[in-house]
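Asks: please find the sequence and the predicted model below.
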Amino acid sequence: MQSAQGMPQTDPLAQLKDIHVPDNVAVWPLDWGWWCLIALCLAGAISLIIYLVKKHKFNKPRRDAQKLLATITPSDDNWPMQINNVLKRTAVTYFKQQEVAGLYGNSWHEFLLKTLPDRRKNNMSDSLSTLHSQQYAPKCDNKHFDECSKAANAWVKHFKVTSPSNSKGQLASQKPSSFNQQKSQEATHA
């Protein structure tokens, strides 16, 4: 079987070359899209960490106030005044001192209610009124202690940190002073 030109005929399949397998896809170096995604994830993680640290520092006086409220017992002398002092110190820490320091009586009670979220005002109005009345009573009635203590804890936990005089509704104080700083200031003024 020779071809017409005198060349021996060969199998055309034998002339095919074997399949070329591509190189494995390398993980490194990364494409620019992956670098952008990594940068966005890092920026988001750093922002979240910074936010959580600031929030933790900002809420430290609240946690301190809750610890102080936990130490007050019905057997303490004049426990309503002690609870009220913790509330006042907490308020002075977060709000402008000029707005809070001079408040007493009904204006103080109204301030406490005004700084609560709307959904909590109705529930706590009676309890805070009881605390207000016990504070000026000649003898404290210990049967109201639990109600007053729970109301004080709830106020410390849920009050809104916006200043009524601040029309934009921004935080009144970005760095509230700690109770320890207030104690030292009270000691120097006494």
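Replies: Perfect, I can see it now.
Asks: tell me what whatever helix or strand E110 lives in is packed against?
Replies: E110 belongs to helix 105-114 when assigned by DSSP states H and E. Here helix 105-114 is seen to pack against helix 79-94, helix 118-135 when contacts are counted using 3 or more Cβ pairs under 8 Å, 6 or more residues apart in numbering; DSSP states H and E. All C-beta atoms are positioned from the backbone trio N, CA, C, and that covers glycine.
Asks: which one of the ones you listed lies closest to A151?
Replies: A151 lies closest, by Cβ to Cβ, to one member of the helices and strands packed on helix 105-114: helix 118-135, at 3.3 Å.
Asks: only the buried residues of the following helix or strand past the closest one, if you could.
Replies: Per DSSP H and E, helix 118-135 leads on to helix 145-158 as the next helix or strand towards the C-terminus. Within helix 145-158, the residues that count as buried by 16 or more other Cβ atoms under 10 Å are F145, C148, S149, A151, A152, N153, A154, W155, V156.
Asks: ok, the closest residue to the fourth one other than its chain neighbours - contacts?
Replies: Yep, that's A151 we're talking about. Leaving aside its chain neighbours, A151 sits nearest to S127 (3.3 Å; criterion: Cβ to Cβ, 6 or more residues apart in numbering). When contacts are counted by Cβ atoms under 8 Å, 6 or more residues apart in numbering, S127 touches E147, C148, K150, A151, A154.
Asks: rewinding a little: report the angle between the axes of the helix holding E110 and helix 145-158?
Replies: Angle, helix 105-114 to helix 145-158, by axes from the mean of the first three to the mean of the last three Cα atoms, to 10 degrees: 60 degrees.
Asks: and helix 105-114, which residues are buried?
Replies: In terms of neighbour count (16+ other Cβ under 10 Å), helix 105-114 has its buried residues at W108, H109, F111, L112, L113.
Asks: quick check, central residue of the chain?
Replies: K55 (4.3 Å; Cα atoms, centre = their mean).
Asks: the longest helix that the chain contains versus helix 79-94: what angle between them?
Replies: Longest helix of the chain, by residue count under DSSP state H: helix 32-58. With the same axes, to 10 degrees defining the directions, helix 32-58 sits at 140 degrees from helix 79-94.
Asks: which other helices and strands contact helix 32-58?
Replies: Looks like helix 32-58 contacts no helix or strand (3+ Cβ pairs under 8 Å, 6+ apart).
Asks: quick one: buried residues of it?
Replies: F58.
Asks: next secondary structure after that helix?
Replies: helix 60-71.
Asks: what's the average pLDDT for that following helix?
Replies: Summarised as a single mean, pLDDT over helix 60-71 is 92.
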